[in-house]
Each structure stands twice: as structure tokens, then as C-alpha cells.
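Undergrad: Sequence and predicted structure below; questions after.
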Amino acid sequence: MSPPPALADSYRGRKIVIHEQPPTFSASSDSLFIGQVSGLDDVFEGANRYQLLSLIRAHLDELDGVGETEPPAQRDTEA
């Protein structure tokens, strides 16, 4: 049975689950967080669960085209 997620959220209709990976003997004492999003094969890693959540949300915004705007149309100034 897997441990409960360190953080779970939903954003833009997708479920985000972040698990804490315990440090290995050879690794530093810092924990590593692994994040996955439903519908995506990408795996995200980070040292802080909340920064990782922000990174995943920004990635989803980028995938959905949020924040991207077309340049304003040039107006014809000739009379």
C-alpha cells in the first residue's frame, strides 16, 4: 500500500498528486517531491512541495495557453 500523498490538488480540471520520496542513503538529507498530473505522462520533481505545485500549475497554464495574448491588430491610420 502506498503512503498518502504529501499534497493533492486539482487545477484546470486535472488532478495533481505530489508524493514525498524519502531520502536514500547516498542522497542528501533533503526530501524529494515527485508530482504527477492526471492525463499527462510528465513527472515533475522538486525539493519543496508548494514550489513544485506552483511549477506544475504554471506548466498547465502554458499547455492551456493561459496568459498568452495575440499582439494587438495594427490599425489603419490612413484616411
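TA: That came through fine. Numbering: from 1, shown residues only.
Undergrad: Tell me the buried residues in the longest strand seen in the chain?
TA: Using DSSP state E, we find that the single longest strand of the chain is strand 14-21. Residues of strand 14-21 classed as buried: Arg14, Ile16, Val17, Ile18, His19 (neighbour count, 16 or more other Cβ atoms under 10 Å). The way it works is simple: take the backbone N, C-alpha and C, and place the C-beta from them, glycine included.
Undergrad: The last one bridge partners, please.
TA: Spelled out, it's His19. Going by DSSP bridges, His19 is paired in beta bridges with Ile34.
Undergrad: check contacts around the closest residue to Lys15 other than its chain neighbours.
TA: In this structure, Lys15 finds its nearest non-sequential neighbour in Ser38, 4.2 Å apart by Cβ to Cβ, 6 or more residues apart in numbering. By Cβ atoms under 8 Å, 6 or more residues apart in numbering, Ser38 lies in contact with Arg14, Lys15, Ile16.
Undergrad: returning to that earlier point: for the buried residues of strand 14-21, work out which two are farthest apart.
TA: Spatial extent of the buried residues of strand 14-21 (Cβ to Cβ) is set by the pair Arg14 and His19 at 16.4 Å.
Undergrad: What's opposite Lys15 in the beta bridge?
TA: If you apply DSSP bridges, the partners that Lys15 bridges to are Ser10.
Undergrad: Surely it touches Val37?
TA: Yes. Using Cβ atoms under 8 Å as the test, Lys15 is close enough to Val37 to be in contact (7.1 Å).
Undergrad: Overlap of the contact sets of these two?
TA: Joint contacts of Lys15 and Val37 (Cβ under 8 Å, 6+ apart) do not exist.
Undergrad: Low-confidence bits of this structure, can you list those?
TA: Applying pLDDT under 70 to the chain flags residues 1, 24-29, 67-79.
Undergrad: Which residue ranges of it form helices?
TA: For the chain, applying DSSP state H gives helices covering 49-64.
Undergrad: Quick check, central residue of it?
TA: Geometric centre of the chain, nearest residue: Ile56, 0.5 Å, by Cα atoms, centre = their mean.
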